[in-house]
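Asker: just to be clear, the model below is a prediction. Sequence and coordinates:
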Amino acid sequence: MPNPKTRIADAWYRFRTRRRLARNEWSGDYWYERDGERIVPCRQCPKVDARRERCGVPFGSPLRKCVTAATEAHLRATRGVLALEIGSHKRSFAKLVVEQAGGSWTGIEPQAPRIAPRMGGENYGHAGEIPFPAEAFDIAFAIQSFEHWEEPLPSVERSPSYRECLAEIWRVLKPGGSLYVDAPIHLHGHEMFVAGDVPRILALFDGALWKDVVVERWRYDHAPLSRYPAPAVDAEGALTTLETYAIDAIRELQRTATVWLLTITAVKRTPTVG
Ligand SMILES: C[S@@+](CC[C@H](N)C(=O)[O-])C[C@H]1O[C@@H](n2cnc3c(N)ncnc32)[C@H](O)[C@@H]1O
């Protein structure tokens, strides 16, 4: 349970979202390129006060602060856009960003009650079973949900595979629509996220369906902020997901690496006729 000071800071930060978006703190270069990926170093992140060695997002774990920052950076330009959040849970910060930016937000969540789907609200749904027609959305996004998509759920008889989920998301995007996902690395979820196996994660994006795939690493180059080790409970739980990686190699990563945030954006490729 957050303490009253954190709750007030959280509420104040949310309250000022529209003003913050209008300030456009993401207009400068806040990343550098390395091996075809964007590295967002904390020292270049507009949220970080490098002199005081602190992140200006006033709530959440070190990773959640990055999730908040990356959500603003990626969803700030959603004015007039029909956006679908996959795994919307309660009290979505991304919903606030989309709505404050002037977009329209619809959520799907496998823990929500199964009622008739409605654009503009939260609905029952799964990344592999989206209760909306083809080409309904300009953008689809998933915040801290991507790493869980294949996990068993009480509401689903057989969890669809990652490839099935990505094909289903492709279906509901308009031609040229885009997908944004984020996921923690070395924390929890499917073993490829625990191992930080970015090539394996990227291989899920079928080149016949997706183009312009962009990878960002947030908090990977974490100076001047300190390393964020996986909390003990996550670290132990993550080891139980391993099927193909050696447990000792993952233990070593947990001992030495920092938990960081992977973001991926991709654009729907539409087949060319003729
Ligand atoms: C850690 S919560 C994140 C919730 C919210 N997006 C946030 O950032 O606070 C992960 C959410 O993803 C949902 N989820 C898990 N598997 C899913 C799937 N296959 N399709 C859609 N949502 C899923 C879970 O039910 C849960 O609400």
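Answerer: Right, received. Where do you want to start?
Asker: Gly87 - how many residues pack around it?
Answerer: The burial count assigned to Gly87 is 22, neighbours taken as other Cβ atoms under 10 Å. C-betas here are computed from N, CA, C, even on glycine.
Asker: ditto for the one 5 residues further on
Answerer: The local packing of Ser92 (other Cβ under 10 Å) involves 19 other residues.
Asker: I'd guessed it sits against Ile143; true?
Answerer: Yes: contact criterion Cβ atoms under 8 Å: Ser92 and Ile143 qualify, at 7.3 Å.
Asker: overlap in contacts, those two.
Answerer: Glu85 (Cβ atoms under 8 Å, 6 or more residues apart in numbering).
Asker: now do stretch 112-132: distance from first to last residue.
Answerer: In stretch 112-132, first residue to last residue: 16 Å (Cα to Cα, to the nearest Å).
Asker: got a list of contacts for it?
Answerer: For stretch 112-132, contacts defined as Cβ under 8 Å, 6+ apart pick out 82, 84, 86-88, 104-110, 136, 142, 145, 149, 153, 155-156, 159-161, 164-165, 168-169, 171-172.
Asker: give me the mean pLDDT for that stretch.
Answerer: If you average the pLDDT over stretch 112-132, you get 95.
Asker: next, the buried residues of it.
Answerer: Of the residues in stretch 112-132, Ala112, Glu122, Asn123, Tyr124, Gly125, His126, Ala127, Gly128, Ile130, Phe132 count as buried by neighbour count, 16 or more other Cβ atoms under 10 Å.
Asker: where along the chain do the helices fall?
Answerer: Secondary structure of the chain by DSSP state H: the helices cover 4-15, 17-23, 62-75, 93-101, 162-172, 191-195, 198-202, 232-239, 247-256.
Asker: rank those helices by pLDDT, which is bottom?
Answerer: Lowest mean pLDDT of those: helix 4-15, a mean of 91.
Asker: for it, what is the distance to the chain centroid?
Answerer: 22 Å (Cα atoms, centre = their mean, to the nearest Å).
Asker: now swap in stretch 20-27 and tell me
Answerer: Stretch 20-27 sits 20 Å away from the centroid of its parent chain (Cα atoms, centre = their mean).
Asker: contact partners of it?
Answerer: So stretch 20-27 is in contact with Pro46, Lys47, Glu72, Ala73, Arg76, Val97, Gln100, Ala101, going by Cβ under 8 Å, 6+ apart.
Asker: now do 6 Å
Answerer: Pro46, Ala73, Arg76, Gln100, Ala101 (Cβ atoms under 6 Å, 6 or more residues apart in numbering).
Asker: export those residues to a markdown table and tack on distance to Phe205 and neighbour count?
Answerer: As requested, those are arranged in a markdown table below (distance: Cβ to Cβ, whole Å; neighbours: other Cβ atoms under 10 Å):
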| residue | distance to Phe205 | neighbour count |
| --- | --- | --- |
| Pro46 | 28 | 15 |
| Ala73 | 20 | 22 |
| Arg76 | 24 | 21 |
| Gln100 | 29 | 21 |
| Ala101 | 26 | 21 |
